[in-house]
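[1] Predicted model, plus sequence, below.
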Amino acid sequence: MIKQQITSKLNSIIDNFVKSKSLDEKITFTVEIPPKNVDADFAVNAAMLIAKKLKVNPHSIANEIIKIIVNEMSDTIEKCEIAGAGFINLRIKNSCLYRELEAILDKKENYGKIEHKSEEKVMVEFVSANPTGPLHIGHGRGAAIGDSLARILKHLGYNTVKEYYLNDVGNQMAVLAKSTEIRYRQLKGEKIGFPPDHYQGDYIFNIAKRLVSEGKSLGQIDFKSESVKDILKTIEDDLKNFAVEFDNWFSEGKIASIKDKDGKTEVDKACSYLVSKCNAYKKDDALWLSSTKYNDDKDRVLKKSDGKYTYLASDVAYHKNKFERGFAKLINLWGADHHGYVARINACVQMLGFKKENLKIILYQLVSLVRDGQPVAMSTRTGEFITLKEVVDEVGKDACRFFFLLRAPDSQLEFDLELAKKQSSENPVFYVQYVAARCASIMKESTNIKDLPKADFNLLNSKEERDLIKQMSFFCDTLLMCERTFSPHHFTSYLIDIADIYHRFYEKCRVLSDDKNLTSARLKLIFAVSIIIKNSLNLLGVSSPEKM
RNA sequence: GUCUCCGUAGCUCAAUUGGACAGAGCAACUGCCUUCUAAGCAGUAGGUUGUGUGUUCAAUUCACACCGGAGACACCA
């Protein structure tokens, strides 16, 4: 929170300064963490920006601003000086850091929450894989990113809902039902071939075997619902083992099949609405969406000439439904292979009368699998794929999630199966978890020490201790950065940084010693560290072990 | 052909709405365990940020062109 407090104070200082120079502009400067070789806590670039507008030397502007800062921020700033091309470097007082340490110890798992956001309803929709087979490794990436992003938004105080959209109607369901039926009949001894474009995986066999063992006859079996039931159970279990649980599973059937008293589905109504607003029209017996009006490169079909709706029609109705449930903001997490849909869905949202800004579609690049140096093609139809479960079983939930969250969504991720196995004990996740284990170990040991005095934070004045507290205070900044960029990957970097600082502290500063005053203060410090580590790992869905 | 994303150390990737000498992990090399966990620490080495031009006090970041990789372009779901 330290950085936000300083930024907010600097904002008013700079605003006034700019006015005093009769400049009628808002200067959007940054407060940053300087490079390691610079001895300062924060760097401000305002002077350079103002100097440019006024066409004067940045150093003279910086000097003027420094005078004001020294005068008005004496309670937090210890040192303030000019550096480089005109940066204003700030060093904050230790008392400021101690206040932050106090706040962490006081708020614990609620540290970093921002109250005023609590009213806003946000939905994160992710995974949403078709219930035609088990989740594969690519879905895992979407699951890890979506789930962690939702956890982060929740921590920031948003009323966050995680939803899985289930495409349980349409042609694919017919193919699925037929696949199971054929396997069932083969098991019953019929000599029939299996079409190459049907689902080949072993899981279809397993469903068929179950049906055979239950002794039902062919006519009694609803192959579609039996198949979906088993597959959904698998999907749900796999996600649970990956620390992902959804608040809501939304069935496409609900908007595409269920009719109201007038015999209309929500899809019917959404399409009628678009027609009434002149955003859809009939041509060649089909119903077209005028998506070109809103930047799509061509119009799209909503209802085919054979009278069946396209997938898009359901999606329109689904987004309408989501907004009508009161969500202020919708976040959709899609695999990059869906990027062609972004323009049309954005168009739909606007045609339905909602704001484009309230829908954020995040595309994550697909995971490319490598095995023995050769790329592995992933297709649910050929059955040649690596499931999420296989990978989780091999490398563990924690390592797998951390690995997926190490990268920004829009960067391609190469997942080498052999490498993932090798990394099982060298993965960065262990480096971070080791911090939790080391803290826990010391705290356990400390219970034997009697008569500890009240902690005096002023004793925490070494470089290592200072760095540690400062890094802890960046927890809030990391949250906000994840919110702004819609990506949780900043937390993995944050954790690796804090682990690095902690392990250095551990080497140099012994916590339990004969000096009871120092012991008491340092125990408080590592208690705060364990809170921060646990909170951060929890946001990523990774556990913080007490022992390793 | 059009569009989206990517190209950074040997490998996998960061780099805070353009900031200071581009950073981590892994791999390599050299040291450190009678003291709270060595899954650790200290140190060495590793770079023309794909190429070029432009904008800027400042470019990995922005613009344009080219090279290379992944993906998307249905009255499929």
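    Looks like it came in fine.
[2] What are the phi and psi values at the closest residue in space to residue A:427 that isn't next to it in sequence?
    The shortest distance from residue A:427 to any non-neighbouring residue, by Cβ to Cβ, 6 or more residues apart in numbering, is to residue A:399 (4.7 Å). C-beta: built from backbone N, CA, C; applies to glycine. Note on residue A:399: backbone dihedrals following degrees, to the nearest 10 are phi -60, psi -40.
[3] For residue A:399, give its distance to residue A:534.
    For residue A:399, the distance to residue A:534 (Cβ to Cβ, to the nearest Å) stands at 18 Å.
[4] okay, the two: which has more neighbours?
    Per other Cβ atoms under 10 Å, whichever of residue A:399 and residue A:534 has more neighbours is residue A:399, with 23 against 18.
[5] The host helix or strand of residue A:15: which residues count as buried?
    Using DSSP states H and E, residue A:15 sits in helix A:2-20. For helix A:2-20, the neighbour count (16 or more other Cβ atoms under 10 Å) marks A:2-3, A:6, A:9-11, A:13-14, A:17-18 as buried.
[6] again with stretch A:97-104
    Using 16+ other Cβ under 10 Å as the test for burial, stretch A:97-104 gives A:97-101, A:103-104.
[7] Just the ones in strands from those, please.
    Judged by DSSP state E, these include no members of strands.
[8] Tabulate those (JSON lines), appending pLDDT.
    As requested, the buried residues of stretch A:97-104 are exported to JSON lines (pLDDT from 0 to 100):
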{"residue": "A:97", "pLDDT": "96"}
{"residue": "A:98", "pLDDT": "97"}
{"residue": "A:99", "pLDDT": "96"}
{"residue": "A:100", "pLDDT": "96"}
{"residue": "A:101", "pLDDT": "97"}
{"residue": "A:103", "pLDDT": "96"}
{"residue": "A:104", "pLDDT": "97"}
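[9] Which of the residues you listed fall in helices?
    The helices, defined by DSSP state H, take in A:97-101, A:103-104 from the buried residues of stretch A:97-104.
[10] just curious, which of these is nearest to RNA strand B?
    Relative to RNA strand B, the closest of these is residue A:100; by Cβ to the nearest atom of the strand it sits at 16.7 Å.
[11] For the stretch 251-400 of chain A, just list every one of the strands.
    For the stretch 251-400 of chain A, applying DSSP state E, counting those that start in this stretch gives strands covering A:280-283, A:286-289, A:300-303, A:329-335, A:359-364, A:367-371, A:374-376.
[12] What of the stretch 401-548 of chain A?
    Taking DSSP E, counting those that start in this stretch, the strands of the stretch 401-548 of chain A run over residues A:413-416.
[13] all helices of it, in order?
    A:417-422, A:428-446, A:463-473, A:475-485, A:489-508, A:516-540 (DSSP state H, counting those that start in this stretch).
[14] helices and strands of chain A: which one bottoms out on pLDDT?
    Sorting the helices and strands of chain A by mean pLDDT, DSSP states H and E puts strand A:374-376 at the bottom, at a mean of 61.
[15] What about residue A:527, how many residues nearby?
    18.
[16] Please read the previous query as pertaining to residue A:338.
    13.
[17] Now the residue nearest the centre of chain A: phi and psi?
    For chain A, residue A:149 is the residue whose C-alpha lies nearest the centre (Cα atoms, centre = their mean; 2.4 Å). The phi/psi pair for residue A:149 (degrees, to the nearest 10) reads phi -60, psi -40.
[18] Wait, it touches residue A:488, no?
    Yes: taking Cβ atoms under 8 Å as the definition, residue A:149 is a contact partner of residue A:488 at 5.3 Å.
[19] okay, residue A:373: pLDDT?
    At residue A:373, the model reports a pLDDT of 57.
[20] Beta-bridge partners for the residue nearest to residue A:300 when sequence neighbours are not counted, please?
    Distances taken as Cβ to Cβ, 6+ apart put residue A:289 closest to residue A:300, at 4.8 Å, once the chain neighbours are dropped. Beta-bridge pairing for residue A:289 (DSSP bridges): residue A:280, residue A:300.
[21] one step back: next SSE after the helix holding residue A:15?
    strand A:31-32.
[22] and residue A:23, what pLDDT?
    So, for residue A:23, pLDDT stands at 84.
[23] ok, it - how many residues close by?
    13.
[24] where does the residue nearest to residue A:387 when sequence neighbours are not counted fall, phi/psi-wise?
    In space, and not counting its chain neighbours, residue A:387 is closest to residue A:134: 4.8 Å by Cβ to Cβ, 6+ apart. Note on residue A:134: backbone dihedrals following degrees, to the nearest 10 are phi -70, psi 160.
[25] Residue A:134: how many residues sit nearby?
    With other Cβ under 10 Å as criterion, residue A:134 counts 21.
[26] contacting residues around it?
    A:201, A:203, A:231, A:234-235, A:238, A:387-389 (Cβ atoms under 8 Å, 6 or more residues apart in numbering).
[27] ok so, going back, residue A:395: which of the buried residues of helix A:2-20 is nearest?
    Nearest to residue A:395 among those: residue A:3, at 35.3 Å, using Cβ to Cβ.
[28] what's the spacing between the closest one and residue A:304?
    Distance check for residue A:3 against residue A:304: by Cβ to Cβ, it reads 55 Å.
[29] Residue A:463 too?
    69 Å.
[30] Likewise for residue A:131?
    Residue A:131 is 23 Å from residue A:304, by Cβ to Cβ.
[31] Settle it for me: which of these two has more neighbours?
    Applying other Cβ under 10 Å to residue A:131 and residue A:304 shows that residue A:131 carries more neighbours, namely 21 against 14.
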